[in-house]
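Peer 1: Here is my input, please return the structure:
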Amino acid sequence: MQYKKINNLLGWLCFAIASVTYILTLEPSVSFWDCGEFISCAYRLQVAHQPGYPLFAMLGKMFSLLSLGDNTKVPYFTNMGSAIASGATIMFLFWTITAIAKKMLANKPGEAQDDSKTILIMGAGLVGALAFTFTDTFWFSAVETIVFALSSLCTAIVFWAILKWDAHADEAGADKWIIFIAYIIGLSIGIHLLNLLTIPAIAMVYYFRRSKNINVTGAVGTFFIGVLILVLVQYGIRGYTIQIAAYFDLFFVNSLGTGFWSGAFVFFFLIVAAIVGGIYYSIKYKKPLLNLALLCIAFVYFGYSSFAYIPIRATANPDLNNSHPDNAFTLYGYLNRIQYGENPLLFGQYFDAKVIDQTEGNTLYRKGKTSYENAGKKTNYVYDHTTFLPRMYSSEGQDPQFYHQWLQIPDGQAPTFTDNMKWMFSWQIYQMYVRYFLWNYVGRYNDADGQQSTAALDGNWTSGILDGGKHLPKSVVGGGTPIPGQGLQLGYAYTPLYALPFIIGLLGAIYHFQRKKRDALVVLLLFFFTGLAIVFYVNQPSIQPRERDYSYVGSFYAFAIWIGLGVIAIAELIRFKLNAKTAGILATVICLFLAPVLMASKEWKSHDRSTKMTPHDMAYNYLISCPPNAILFTYGDNDTYSLWYDQEVEGIRPDVRIVNLSLFTGDWYIRQMQGKMNASEPLPITMPYDKYKEGVRDVIYFDDKKIPGSVEVKDVFDFISSDDKSTQVQYQSGESGNYLPTKNFKITINADDVLKNHVITPEQKDKLATVMEWKYTSNYITKENLAMLDILAHNNWKRPICFTTTIGNENLIGLQPYLYKEGFAYHLIPFKPDTSTHDQLGKTNSLVMYNNMMNKFKYGNFKTAKYLDHESTTMFYPVMITTFLDLTQGLIKDGHPDLALKALHKYDEVMPDINPGLEVADRKIFMGQTAYTLNDPTLGDKLLSSVDNYIVDQLDYNYSILQGKSGELSYRDIQYGVSFINGMLSITNESHRTALSKKLSDQLKDYESKFGSVLQRQQQ
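Peer 2: Numbers count the residues shown, from 1 in each chain. Just a heads-up that it's a prediction; the model follows:
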């Protein structure tokens, strides 16, 4: 059979294997993080968060149509879009590896391709492509609606295309491949920017193929030209095109009186005219290199034109319309993620730096009714403690504390440049890149977050080779008796790969550099720019909300090329005893088993999401917890994006208005909330746009005027939103601004309004307060707080006000005494404050909550799912157990012990028996104690035995470390573990559970003896 036909068939075979794998393991509904937003924006062609993903949204819309009107199937088919794109990525990876392998094993001119080399080339392609198929990071993105699957496809296509050009560069018309690459790069901007990082490697391929005098100086120069082209596309074409268009628009709109976008269109016309004129000039005067460059620029712009989607859809005012980029200035800020701030790159401050001066930067503009308005100046800060290459620069939240902790810098000691470099190498490079790389090709302990420690098991890499002698806990490696009816098993995310894929790849890389240094350098550049270069550029400040391994998938892709070439290296090693054909077959078979087969067998159980419904059902429970027509305040990604999906795609509870407080800081979002959305009426925000637009009341500071007593929220709001100069303070700059004169707020309660709007039942009227008083908790008011106060002042109890139970305390502005759980939402109810309750956020409106949780909530496959991701187990499982606990305690307090016991049985029925950490174990102990109190000793024994098994597992592991085996001793696990056993012993003694009490007593004596020195040290 011809080489070309075999190559094509096996490439498609790789596509089939990968696509089937991903489709079989697809998440059937929405996933956590950005997926809910992406599905919603694709389904209804809306505007996602910065910097925009227009082509991704349009392609997602195409796949969503396969649902044929069944909206519950929309995410399945958009997820399938990622699966098929990922399968195609594997196919192009196969063809990339075979192209590189063929070039490395190239015959002399005129010599026929023999079968042994064909076998070796195809074996390399199969091993490398299928190994990457089953890598942890790539597989994770391949089964959900996320941009990284399509972005990887773009990377695979452009790298394959430059190799196609390389193979045909001497033929007429070969440069069409370069233009094709430019077009794909332009298109990829509408998906994700990672694909741009292939440009330096592409430039080197071009240099090595076309240059007649290859030398170090030329190679270095070409490298910098490649970087320059990358900068040109990233900042010139993608960024400055819109920025310059915005200033053209400013002149045309404000000076010439034309409509918005008129000046931008003139500038776009000038770009087109310049490119067309340049192409005509290059043809007429026969300048082929200029012609190629201009055609590439033109085709990058053709691909980039997908961003016309953003202002078009923004102008249509869809429900999800992030930043509302309907004008050139807002679009520029949107594309450049101005909302997220800037990280210093080459020069900047240390985290302990103090601001010693500030200067005015560029003028900021906002869209007015008929012209652009001045929104103030950008402020640039001057710091007293700066450095070259700042890596430790963030003073936000707990970041400074983490820097001190990670590098063991004593309190009060200023960081040095040496500390700065240690941080870069130990945390940014090793912990947040190398660790991820090793996950994929060496192995991994579990899927827990491991950002904060290089030595702990959670989130760390492992080959598995030495794990047998470490007495690792069953919670990590598995073991124990499977529980009938429970899908999730211990150790499901333990994936030791024995470093075999890594070793094969290392052999392949060494062999590649020995045989084809230039080609190996190209792969190395791809590996570097899609890996360490991102680390350097992004400059992550400190602990991230989630692991960021998906950012470096291009680097892992490049290494898979070397895994493929490792087949050839191994064949060469065994060839001295076997003929070439047999050596090729044997090397291929060996490597298939040592890489893709091994990886598939280990990784499958931690990537099979086919039975997981947690994100969908948790979002449903948030919405269903709300009374009719409620306003639901959210904050984070995972208590917002899935809710958007449930509401925007499936139409669940369209009467609830979801308000994300992290977006409520934007004037555009407040303005959107003043309009109707789905079945939700406009929010009761009375401020006209001019009172809160950008640059107006961005922050209002507290200035205590010693006002006695509490002040009505409406009066406070009127004062801080007044334009009357007598209500404002004048600053040294001469400008005036509002101030907050008191933090003591109140709302006088009209009982008739509360009852008429069904906030409470008539039976609860005696619990109603006459006035609701609280203390505002911040020293300033930002736009989201201002809008909240507007709502509180003017709602008059017409619409229920709710907060998600996962929201941060700082977002509750001191309202905790009046917040009552009704499921996954706190409901603002003006009951008399319950001063006897220590945990104000544990209060419940128990009967309403009971009805929601017992009759309305969905628990999906939480108990029976084969796989639960990190968010399901460490975020929502603790939320579920806490919610059930609060319900039972509320029912007992309100005199319904029978219902409380039913609630405990419901928990046992729908939730898996897992212990993700000590916090969950502590809550389970309390739940077991409650079961004993409610006269259900069987359930109490079950819950305490579950905790006991977990604690013993952790203590035994720590004792093995104490005896001198490798690992990091966890003093916290030891102290709390022994304490928990002691607590369970007291509970079982009080409940007369003799057998369990005896077992716990023996354990307590044993561990107090084993850890006596450790416990004594902790007490000192």
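
Peer 1: From the rest of the structure, what touches the helix or strand where residue 208 lies?
Peer 2: Per DSSP states H and E, residue 208 falls inside helix 199-210. Residues outside helix 199-210 that contact it (C-beta atoms under 8 Å, 6 or more residues apart in numbering): 158-159, 162-163, 165-166, 169, 178, 181, 185, 214, 218-219, 222-223, 225-227, 229-230, 233, 518-519, 521-523, 525-526, 529. From N, CA and C alone the C-beta is placed, and that goes for glycine too.

Peer 1: how much distance is there from that helix to the middle of the chain?
Peer 2: Centre-to-centre, helix 199-210 and its host chain are 34 Å apart (C-alpha atoms, centre = their mean, to the nearest Å).

Peer 1: Check stretch 191-200 too.
Peer 2: With C-alpha atoms, centre = their mean as the basis, stretch 191-200 stands 19 Å off its chain's centre.

Peer 1: Can you measure across that stretch, start residue to end residue?
Peer 2: Length of stretch 191-200, first residue to last, C-alpha to C-alpha, to the nearest Å: 20 Å.

Peer 1: next one: the longest helix anywhere in the chain to chain centre, how far?
Peer 2: Taking DSSP state H as the criterion, the chain has its longest helix at helix 74-104. Between the centre of helix 74-104 and the centre of its chain there are 23 Å (C-alpha atoms, centre = their mean).

Peer 1: Following element in sequence after that helix, please.
Peer 2: Sequence order places helix 115-133 as the next helix or strand after helix 74-104, per DSSP H and E.

Peer 1: relative orientation of that next one and helix 74-104 in degrees?
Peer 2: Relative orientation of helix 115-133 versus helix 74-104 (axes from the mean of the first three to the mean of the last three C-alpha atoms, to 10 degrees): 150 degrees.

Peer 1: So which residues make contact with the helix or strand just after helix 115-133?
Peer 2: Using DSSP H and E, the helix or strand that follows helix 115-133 in sequence is helix 136-142. With contacts defined as C-beta under 8 Å, 6+ apart, helix 136-142 is touched by 18, 21-22, 25, 82-83, 86, 89, 132-133, 148-149, 152, 436, 439-440, 444, 495, 549-550, 552-553, 556-557, 603, 606-607.

Peer 1: who does whatever helix or strand comes next after helix 136-142 touch, helix- and strand-wise?
Peer 2: For helix 136-142, the following helix or strand on the C-terminal side (DSSP H and E) is helix 147-168. Helix 147-168 sits against helix 54-64, helix 74-104, helix 136-142, helix 176-189, helix 199-210, helix 553-574, with contacts defined as 3 or more C-beta pairs under 8 Å, 6 or more residues apart in numbering; DSSP states H and E.

Peer 1: Columns mean neighbour count and distance to residue 342 on top of those helices, output as a markdown table?
Peer 2: Below are these laid out as a markdown table (neighbours: other C-beta atoms under 10 Å; distance: least, C-beta to C-beta, whole Å):
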| stretch | mean neighbour count | distance to residue 342 |
| --- | --- | --- |
| helix 54-64 | 22 | 24 |
| helix 74-104 | 25 | 31 |
| helix 136-142 | 25 | 27 |
| helix 176-189 | 22 | 20 |
| helix 199-210 | 21 | 23 |
| helix 553-574 | 26 | 24 |
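
Peer 1: right, and these - which one's nearest residue 730?
Peer 2: helix 54-64 (45.7 Å; C-beta to C-beta).

Peer 1: I'm done for today, thanks for sticking with me.
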